[in-house]
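K.L.:
Fold the following, please.
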Amino acid sequence: MKDKKRVLFMCVGNSCRSQMAEGLLRAMAGDRYEVASCGAVATGLSSRAVQVMGEIGIDISHQLSQRDEEYAGQRFDYVITVCDASGEQPCPVFVGDAGERLHWPFDDPAYAPGDEEEVMEVFRRVRDEIRVKLAEFVLGRRKV
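P.N.:
You can find the predicted model right below:
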């Protein structure tokens, strides 16, 4: 098998969306992709993200919340930002070498309003939206 393609997922805090995307792609096609994630800041891995990923049999509890500077100077085949489109917080910009840059806007579940169950439903929805987008990506039917 030829070398794995390198994918970097980026969002603001590297706690939810990019972490879920990292775990999902690794579970879906880890034999074809080397996967990492980072953010403009490292706010720590969300326990809610860990919980909703565990509900579908994917353990991301070992993943680390990292800043984008951890990957400075590295090359990735794909750099995918997963920030929302609201513009409340600017998406980080990868300054390294990227073969292709994609932007997939997902709501940030870390800021979901409501009681615990309502917040968890937002986490599940975002997880499932990321999973659908990654299935398209893995199958080569990327809609950019």
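K.L.:
Contacts only, for Arg125.
P.N.:
107, 109 (Cβ atoms under 8 Å, 6 or more residues apart in numbering). Heads up, the C-betas are built off the backbone N, CA and C, glycines and all.
K.L.:
Shouldn't it be within a helix?
P.N.:
Yes. Counting by DSSP: H, G, I helix; E, B strand; the rest coil, Arg125 is located in a helix.
K.L.:
Just the pLDDT for it.
P.N.:
On pLDDT, Arg125 comes in at 98.
K.L.:
Run through the chain and note the low-pLDDT ranges.
P.N.:
Applying pLDDT under 70 to the chain picks out residues 1-2, 85-89, 141-144.
K.L.:
where do the helices sit along it?
P.N.:
All helices of the chain, identified by DSSP state H, fall at 17-29, 47-54, 116-138.
K.L.:
Name the residues that touch the first one?
P.N.:
Read that as helix 17-29. 7, 9-11, 33, 35-39, 45-46, 49, 52-53, 57-60, 63, 65, 80, 82-83, 106, 108-109, 126-127, 130-131, 134-135, 137-138.
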